[in-house]
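Student: sequence-free structure coming up:
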């Protein structure tokens, strides 16, 4: 399997994971955040597919962190009710591992490709996965200590 097929597979798996989490989350706010992450992974998949076809590909800046912050603010203000099952905490940690593995993979592939635009895209994808990891870290912190946040 070439690096593009493997990368697409990782992104597809991550998208499915986040859509599943969104569907199963008892909390509307967290479900929205998981849908944001799923949509980001879909964008990554599409970008890798374009890159694989050697079409001009460019990763646009995302607003996933600011969008998630707005959802957390709605929860804090009481505009959204917070409901969370602590058993889900391990799933969020699993998602973090997925993001970390994806980041490491993209950094490794950036070192392997020779085409500068592909190298730049892999580095940008690694940066996006780092943002996702950071967001999940905040979710873990939030659900572990909701009273501190609210």
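Tutor: Happy to help now that I have it. No experiment lies behind these values; they were computed from the predicted model shown.
Student: SS state for the residue of the chain most remote from its centre?
Tutor: Relative to the centre of the chain, the most outlying C-alpha is that of residue 114, 26.4 Å out, by CA atoms, centre = their mean. At residue 114 the chain is in coil, as set by DSSP: H, G, I helix; E, B strand; the rest coil.
Student: roughly how far apart are it and residue 4?
Tutor: Distance, residue 114 to residue 4, using CB to CB, to the nearest Å: 14 Å. Placement of C-beta: from N, CA and C, glycine included.
Student: now do residue 27
Tutor: For residue 27, the distance to residue 4 - CB to CB - is 35 Å.
Student: likewise residue 46?
Tutor: According to CB to CB, residue 46 and residue 4 sit 12 Å apart.
Student: ok, these two, which is more surrounded?
Tutor: residue 4 (16 against 13; other CB atoms under 10 Å).
Student: Identify the residues contacting the more buried one.
Tutor: When contacts are counted by CB atoms under 8 Å, 6 or more residues apart in numbering, residue 4 touches 48, 49, 51, 52.
Student: hmm, back to that, can you read off the pLDDT for the residue farthest from the centre of the chain?
Tutor: Looking at residue 114, its pLDDT is 87.
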